[in-house]
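**Q** Quick check, what structure comes out for this input:
(one chain, ligands or ions: 1)
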Amino acid sequence: MSTQMLMHSKQPQVPFVDLAAQYRTIEREINEATSRVIQQTDFILGREVSLFEEEFAAFCEAKYAVGMDSGTSALELALRAFDIGPGDEVITAANSFIASALAISHVGATPILVDVDPSTHTVDVSAIESAITPRTKAVLPVHLYGHPAHMDPIRQLADKHGLVIIEDACQAHGARYKRKRAGSLGHAAAFSFYPGKNLGAYGDAGAVVTNDLGVARRLEMLRNYGQKEKYHHQFRGYNRRLDTLQAAVLRVKLKYLEKWNAARCRNATLYHQFLDGCNVVLPHEVAGAESVWHLYVIRTEQRDALKEHLLTRGISAGIHYPIPIHLQPAYRDLGHKRGDFPVTESCAEQVLSLPMYAELTQDQIEYVAKAIRDFMSAGQDAHSVSKSLDQGPSASA
Ligand SMILES: *Cc1c(COP(=O)(O)O)cnc(C)c1O
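**A** Okay, here's the model as predicted:
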């Protein structure tokens, strides 16, 4: 009886992600799959990698997938497969993880950053249009937080100007735009299987998805020293192969991805319900888009205080991303200053990613929502002098 009371009085903990909870649901299958690879000592490329590639391409409703050692490599080699390099410009969103820009820089091209649309946090299409120059070779739209970018107008611009579209689908495994899957919306798409992504390996991994056979063949050589046949090197390639053990893990997890994505969507719906009417900006899907809710990102001007408040209740939230790419020291040479991309900059100050993963329970979501409501109403009351003395410990302090 006393232990039960203790459990009741103990504050619930809501981690930002819970990879251990997911592992417990697939432990036996994962252990079988990895020990099979080890027993067969088939460690480099081989059967598990090709099977995963076939299965992942089918999941994306595209023809080919080529496994890579990370999402960043997938972006970089996708650009290389289209011969994008020094002297070329590639347009991408200022509001993204830095790898979107790094891949462009690493092939020797120049990332041209543009601002995002405040309703989806994905790239602002009119900003792309204004950034096109005779040097522009590609656009790299990012399906941020699992929500697809506005692909139809991007496609129209790309067709008009002869540009390659490389999707950064690193957060969008399974997302749809007008019924078509992320991965089949451009000329090629890069996916990351970083452990915390919707489909995550047990280490680094990634893939490029494309419908173009020539591009797929080129990528297979690019990731493998520029060879098709062992020791026959057609060009100076790289070692960026998808690890075979990771492929075995990913094959197990891919079978559950639809179910896990559906659980994320359900969780997003629960957050919408429990946070309805609360004074924070909630994320939403635009018409025609089906997000896979990699992150559930709210916005508020009291972001930092709210994040602290959630921590005192045992809730971990994240910030994606606190410093925009154009204000990073790594990109000082692009010559940007604060004020260049106002939407991106206000995102950096206001966004807060709530706990989001398939195994999150309704109770946990209600608990998080209640903590946010408590904070927001305490903050609002603090503005009213008559009430401010009765508040007790002030959440907005
Ligand atoms: C995770 C991520 C990447 C990079 O993937 P890695 O596997 O970590 O190299 C690139 N772009 C976006 C938007 C990402 O979220």
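**Q** From now on I want contacts and neighbour counts done on CA atoms only, so please keep to that.
**A** Fine.
**Q** Past the helix or strand that Glu54 is a member of, which element shows up next along the chain?
**A** Here Glu54, judged by DSSP states H and E, is contained in helix 46-59. From helix 46-59 onward toward the C-terminus, using DSSP H and E, the following helix or strand is strand 64-68.
**Q** Quick one: neighbours of whatever residue of the stretch 151-300 of the chain ends up closest to the ligand, just the number.
**A** When scored by Cα to the nearest ligand atom, the stretch 151-300 of the chain has Ser192 as its residue closest to the ligand, at 4.1 Å. By the criterion of other Cα atoms under 10 Å, Ser192 has 31 neighbours.
**Q** tell me the mean pLDDT for the helix holding Glu54?
**A** The pLDDT scores in helix 46-59 average 97.
**Q** hmm, back to that, and for the residue of the stretch 151-300 of the chain closest to the ligand, nearest residue in space, chain neighbours not counted?
**A** Of all residues not flanking Ser192 in the chain, Gly71 sits nearest, at 3.8 Å (Cα to Cα, 6 or more residues apart in numbering).
**Q** So what's the gap between stretch 72-85 and the chain middle?
**A** Centroid separation for stretch 72-85 versus its chain: 18 Å, with Cα atoms, centre = their mean, to the nearest Å.
**Q** Next, the buried residues of it.
**A** 72-82, 84-85 (16 or more other Cα atoms under 10 Å).
**Q** Give me the mean pLDDT for the host helix or strand of Met376.
**A** Per DSSP H and E: Met376 is located in helix 362-383. Mean pLDDT, helix 362-383: 88.
**Q** List the buried residues of it.
**A** For helix 362-383, the neighbour count (16+ other Cα under 10 Å) marks 364-369, 371-373, 375-376, 378-379, 381-382 as buried.
**Q** residues touching the residue nearest to Ser192, list them.
**A** Residues near Gly71 by Cα atoms under 8 Å, 6 or more residues apart in numbering: 170, 190-194, 205-207.
**Q** residues in contact with Arg236?
**A** Counting by Cα under 8 Å, 6+ apart, Arg236 touches 222, 225-226.
**Q** Select from these the one having the most neighbours.
**A** Going by other Cα under 10 Å, Leu222 tops the contacts of Arg236 with 24 neighbours.
**Q** which non-adjacent residue is nearest that one?
**A** Gly237 (4.6 Å).
**Q** what kind of secondary structure is the one you found in?
**A** Of the three states, Gly237 takes coil under DSSP: H, G, I helix; E, B strand; the rest coil.
**Q** list the helices and strands the host helix or strand of Cys265 packs on?
**A** According to DSSP H and E, Cys265 maps onto helix 244-275. In terms of contacts (3 or more Cα pairs under 8 Å, 6 or more residues apart in numbering; DSSP states H and E), helix 244-275 is packed against helix 19-40, helix 46-59, helix 362-383.
**Q** quick one, the last one and helix 244-275 angle?
**A** Helix 362-383 runs at 50 degrees relative to helix 244-275, counting by axes from the mean of the first three to the mean of the last three Cα atoms, to 10 degrees.
**Q** so how many other residues sit close to the residue lying closest to Lys253 once chain neighbours are set aside?
**A** Among residues not flanking Lys253 along the chain, Leu199 sits closest, at 7.0 Å (Cα to Cα, 6+ apart). When neighbours are counted by other Cα under 10 Å, Leu199 registers 24.
**Q** and if you look at Cys278?
**A** Neighbour count for Cys278, taken as other Cα under 10 Å: 16.
**Q** Okay, and it sits in which element?
**A** For Cys278, there is no helix or strand it lies in under DSSP H and E.
**Q** thought it was touching Ala378?
**A** No. Using Cα atoms under 8 Å, Cys278 makes no contact with Ala378, being 11.9 Å away.
**Q** how many other residues sit next to Tyr23?
**A** Neighbour number of Tyr23 under other Cα under 10 Å is 13.
**Q** pLDDT at it, what is it?
**A** pLDDT, read off for Tyr23, is 97.
**Q** State the distance from it to Gly314.
**A** Distance of Tyr23 to Gly314, given as Cα to Cα, to the nearest Å: 22 Å.
**Q** circling back to that earlier point, touching the helix holding Glu54 from outside, list them.
**A** So helix 46-59 is contacted by 63-67, 174, 209, 242-244, 247-248, 250-251, 254 (Cα under 8 Å, 6+ apart).
**Q** list the buried ones in it?
**A** Within helix 46-59, the residues scored as buried using 16+ other Cα under 10 Å are 48-50, 52-57, 59.
**Q** and Ile128, which of the helices and strands packed on helix 244-275 is closest to it?
**A** helix 46-59 (28.6 Å; Cα to Cα).
**Q** Quick one: distance of that closest one to the chain centre.
**A** Computed by Cα atoms, centre = their mean, the chain-centroid distance of helix 46-59 equals 21 Å.
**Q** where in the protein is pLDDT low?
**A** 1-9, 380-397 (pLDDT under 70).
**Q** which parts of it sit against the ligand?
**A** Counting by Cα under 6 Å from any ligand atom, the chain comes close to the ligand at 70-72, 96-97, 99-100, 168, 170-171, 192-194, 204-206.
**Q** Now do the helices in the stretch 151-300 of the chain.
**A** Ranges of helices within the stretch 151-300 of the chain are 151-161, 213-222, 244-275, based on DSSP state H, counting those that start in this stretch.
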